[in-house]
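Student: What would the 3D arrangement of this be:
(2 chains)
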Protein chains: 2
Amino acid sequence: MRGSHLLKPVPISDKMDLKAYLEEKRTRINGALDRLLPKDHDYPPDLHRAMRYSLFAGGKRLRPVLTLAACEAAGGDAEAALAPACAMELIHTYSLIHDDLPAMDDDDLRRGVATSHKVFGEALAILAGDALLTLAFGVVVDGAPSLLSEGRRLQIVSEMVRAAGSWGMVGGQAVDILSERVPEIDLPTLEYIHTHKTGAMIRGAVRIGALAADATEATMTALTLYGDRVGLAFQIADDVLDVIGTEKQLGKQVGHDHKRGKKTYPGLYGVAESRDRALELADDAVAAIGKLGAPAEPLRAIAHYIVERVN
Amino acid sequence: MRGSHLLKPVPISDKMDLKAYLEEKRTRINGALDRLLPKDHDYPPDLHRAMRYSLFAGGKRLRPVLTLAACEAAGGDAEAALAPACAMELIHTYSLIHDDLPAMDDDDLRRGVATSHKVFGEALAILAGDALLTLAFGVVVDGAPSLLSEGRRLQIVSEMVRAAGSWGMVGGQAVDILSERVPEIDLPTLEYIHTHKTGAMIRGAVRIGALAADATEATMTALTLYGDRVGLAFQIADDVLDVIGTEKQLGKQVGHDHKRGKKTYPGLYGVAESRDRALELADDAVAAIGKLGAPAEPLRAIAHYIVERVN
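Tutor: You can find the predicted model right below:
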């Protein structure tokens, strides 16, 4: 029944303490990122400061947490997925730096702090993004060779390219930017933007975790479906938040998407239907990994957590 | 004797027809690039058009030619090095697109044609660069698996990261941009810019060719030295050309570096001494690969060709 979700928030699973789980994973990811990144004083210091500034500007680490959780859900050791998880966060961070540039979304604030180009200037912001993207691939090929076979590392790089490149995230961002220039877009175009701009990296993060676990084909299929649904749910929830959120909750200017002419799900279908769609997608994601049992419990809780924010 | 080179141009080796060699390699590289790149009409077409536009805007293909030539000099089959060679050209092209942006060097012309952001706008130019960089890694991990072992492909990705990232090309570009804002820089800083902004990718291109050939350690050392010297020679020759060249020869605005406050070798030492230095470096490069015999003849000719332009 449409709209019912608005009255009945999906509860986080009581089988686990998601907050503690996320906290533990984030700490592990942040520690690894700190070790993998050049230090602030490494030459050239301005560039490395800019890289670290955005990477440690308070991100939720959703993508790398998904990589670790997917690895465990597929029966693997999360340690094997740690370097690839960090690589996905490096790619995500570079994409935020470039998206925030004046020529793109022109945002001054991100997660409540000044964006890279406001602090370091546009040139260094572009270069810091370029360097983070490049480093992401180095982290996977050079990191923890004893935990991932050569073949697995190559597959992971291939998955990163698919998720981040012109057939994935960058393609979605390009269509998003171009769609701002036209008065209307159709639903297929909007879905292309969602499934590529945000969805591809979330799907990729999940699949990379499964690859690091040497997942069976059936498990990979289930986790891929989970990643697809969670990715779309996340983007719709984000767009709803842009309409209903407060600046404090969001750490950026509210209603900004609309002002820019950005095409969003709530813009096309309204807030109530968008909320419902996000909640349905989260339920679909949970259903997709039904057979994975207890090790997939964190992934189920994360799916609900992602859409919970809009209730 | 300083200055003697000005009267005595270094002849191209008469043992080989360099022009025909370069033509054959470029044709092979261009064919491979055409196959590796998404087509113009692949969705999203604007992004893929922008990627192809800059890639096929008349580049000399110096880096991929060096990769193929180094592979052959080390006794390998150039076919094994073809995908990695193309990857280096993708990285080089992305770096030109980003360097030309208004926030960076602000160039309207490159190789005699309008730069990416002049044709496609800044947002798409940034994204086309991002997508080319991402694709470069895909080309190596997915390309021609029968010709390169998994371990070799991982080593090549690692070498690309070192050449292109914050310890290589992007680091050099960052220091170059920052040095424009100060009245004077010292020689170590200038050398850092040269060896990183341009040198790292040329050195990397040579080393990747050697890796694809399963080069011995001694051959790798010799080729690395060759790459170092040729990389620096190329940058100095380029800076000299910026002073003495005509717009037609260069395909970009002459004296532009100086106007921007860019620090260059001729700016610090004058044109005559810079020419001498470039020619000496080319001789050093040739000497470094003396033991590699006839298969290294194209590399020797290329070293001379690179500095010949300034005579």
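
Student: Dump stretch A:180-196 to PDB, restricted to CA.
Tutor: Output in PDB follows, covering the C-alpha atoms of stretch A:180-196 (Å, rounded to 0.1, in the frame of the first residue of the first chain):
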ATOM      1  CA  GLU A 180      20.500  20.800 -16.100                       C
ATOM      2  CA  ARG A 181      20.500  22.700 -19.400                       C
ATOM      3  CA  VAL A 182      17.200  21.300 -20.600                       C
ATOM      4  CA  PRO A 183      13.800  22.000 -19.000                       C
ATOM      5  CA  GLU A 184      12.600  18.400 -18.800                       C
ATOM      6  CA  ILE A 185      14.000  15.000 -18.800                       C
ATOM      7  CA  ASP A 186      12.200  11.700 -19.100                       C
ATOM      8  CA  LEU A 187      12.200   8.900 -16.500                       C
ATOM      9  CA  PRO A 188      14.800   6.700 -18.300                       C
ATOM     10  CA  THR A 189      17.200   9.500 -18.300                       C
ATOM     11  CA  LEU A 190      16.600  10.200 -14.600                       C
ATOM     12  CA  GLU A 191      17.100   6.500 -13.800                       C
ATOM     13  CA  TYR A 192      20.300   6.500 -15.900                       C
ATOM     14  CA  ILE A 193      21.600   9.400 -13.800                       C
ATOM     15  CA  HIS A 194      20.700   7.600 -10.500                       C
ATOM     16  CA  THR A 195      22.000   4.200 -11.400                       C
ATOM     17  CA  HIS A 196      25.200   5.600 -12.800                       C
END
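
Student: Just want the phi and psi numbers for residue A:110.
Tutor: Phi and psi for residue A:110, reported as degrees, to the nearest 10, are phi -150, psi 130.

Student: and if you look at residue A:114?
Tutor: When read as degrees, to the nearest 10, the backbone of residue A:114 gives phi -60, psi 140.

Student: what sits against it?
Tutor: residue A:108 (C-beta atoms under 8 Å, 6 or more residues apart in numbering or on different chains). C-beta: built from backbone N, CA, C; applies to glycine.

Student: How about the residues of the stretch 1-150 of chain A by chain B?
Tutor: Within the stretch 1-150 of chain A, the positions lying close to chain B (C-beta under 8 Å from any C-beta of the partner chain) are A:38, A:43-44, A:46-48, A:51, A:94-95, A:98, A:101, A:103-104, A:121-124, A:126-127, A:129-131, A:133-135, A:137-138, A:141-142, A:150.

Student: In helices, which of those fall?
Tutor: A:46-48, A:51, A:94-95, A:98, A:122-124, A:126-127, A:129-131, A:133-135, A:137-138, A:141-142, A:150 (DSSP state H).

Student: Isn't residue A:237 up against residue A:277?
Tutor: No. Taking C-beta atoms under 8 Å as the definition, residue A:237 is not a contact partner of residue A:277, at 9.6 Å.

Student: out of those two, which sits in the more crowded spot?
Tutor: The neighbour comparison of residue A:237 against residue A:277 (other C-beta atoms under 10 Å in any protein chain shown) goes to residue A:237, with 24 against 21.

Student: which secondary structure elements does the strand or helix carrying residue A:219 contact?
Tutor: Applying DSSP states H and E as the criterion places residue A:219 in helix A:217-244. Contacts defined by 3 or more C-beta pairs under 8 Å, 6 or more residues apart in numbering or on different chains; DSSP states H and E place helix A:217-244 against helix A:62-73, helix A:199-212, helix A:247-250, helix A:256-260, helix A:265-269, helix A:271-288, helix A:297-308.

Student: what's the fifth one packed up against?
Tutor: Same thing as helix A:265-269. With contacts taken as 3+ C-beta pairs under 8 Å, 6+ apart, helix A:265-269 sits against helix A:187-193, helix A:217-244, helix A:271-288.

Student: What of the first one?
Tutor: Packed against helix A:62-73, as judged by 3+ C-beta pairs under 8 Å, 6+ apart, are the following elements: helix A:18-36, helix A:78-99, helix A:199-212, helix A:217-244, helix A:297-308.

Student: Just the buried residues of the second one, please?
Tutor: So that's helix A:78-99. Neighbour-count burial for helix A:78-99, with 16 or more other C-beta atoms under 10 Å in any protein chain shown as criterion, is recorded at A:78, A:80-99.

Student: Also the longest one?
Tutor: Within helix A:217-244, the residues that qualify as buried by neighbour count (16+ other C-beta under 10 Å) are A:219-220, A:222-243.

Student: Let's have the helices and strands packed on helix A:265-269 in TSV, adding mean pLDDT and distance to residue B:173.
Tutor: TSV is the format used below for these (pLDDT from 0 to 100; distance: least, C-beta to C-beta, whole Å):
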stretch	mean pLDDT	distance to residue B:173
helix A:187-193	91	31
helix A:217-244	94	33
helix A:271-288	95	41
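
Student: Using CSV, lay out the ones you listed together with distance to residue A:159.
Tutor: Formatted as CSV, the helices and strands packed on helix A:265-269 follow (distance: least, C-beta to C-beta, whole Å):
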stretch, distance to residue A:159
helix A:187-193, 20
helix A:217-244, 11
helix A:271-288, 18
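
Student: To residue B:204, which of these lies closest?
Tutor: Across the helices and strands packed on helix A:265-269, residue B:204 has its closest neighbour in helix A:217-244 (33.9 Å, C-beta to C-beta).

Student: and the angle for that closest one with helix A:297-308?
Tutor: Helix A:217-244 runs at 20 degrees relative to helix A:297-308, counting by axes from the mean of the first three to the mean of the last three C-alpha atoms, to 10 degrees.

Student: what angle separates helix A:217-244 from helix A:62-73?
Tutor: Using the same axes, to 10 degrees: helix A:217-244 against helix A:62-73 is 150 degrees.

Student: Show me the residue at the heart of chain A, geometrically.
Tutor: Centrality entry for chain A: nearest residue to the mean C-alpha point is residue A:63, 4.4 Å, by C-alpha atoms, centre = their mean.

Student: so who does it touch?
Tutor: When contacts are counted by C-beta under 8 Å, 6+ apart, residue A:63 touches A:85, A:88, A:89, A:92, A:201, A:202, A:205.

Student: what number of residues lie near residue A:75?
Tutor: Neighbourhood size, residue A:75 [other C-beta under 10 Å]: 16.

Student: Where does pLDDT dip in the stretch 101-250 of chain A?
Tutor: A:246-250 (pLDDT under 70).

Student: can you do 80?
Tutor: Along the stretch 101-250 of chain A, the model assigns pLDDT under 80 to residues A:144-145, A:245-250.

Student: count of neighbours near residue A:269?
Tutor: For residue A:269, using other C-beta under 10 Å, the count is 16.

Student: CA atoms only: put stretch A:117-127 into PDB for me.
Tutor: Below are the C-alpha coordinates for stretch A:117-127, written out as PDB (Å, rounded to 0.1, in the frame of the first residue of the first chain):
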ATOM      1  CA  HIS A 117      38.500  24.600  -4.200                       C
ATOM      2  CA  LYS A 118      37.400  27.100  -1.500                       C
ATOM      3  CA  VAL A 119      40.400  26.100   0.600                       C
ATOM      4  CA  PHE A 120      43.100  25.300  -1.900                       C
ATOM      5  CA  GLY A 121      41.900  27.000  -5.100                       C
ATOM      6  CA  GLU A 122      40.500  25.300  -8.200                       C
ATOM      7  CA  ALA A 123      43.800  24.200  -9.700                       C
ATOM      8  CA  LEU A 124      44.900  22.200  -6.600                       C
ATOM      9  CA  ALA A 125      41.400  20.900  -6.100                       C
ATOM     10  CA  ILE A 126      41.400  19.400  -9.700                       C
ATOM     11  CA  LEU A 127      44.900  18.000  -9.100                       C
END
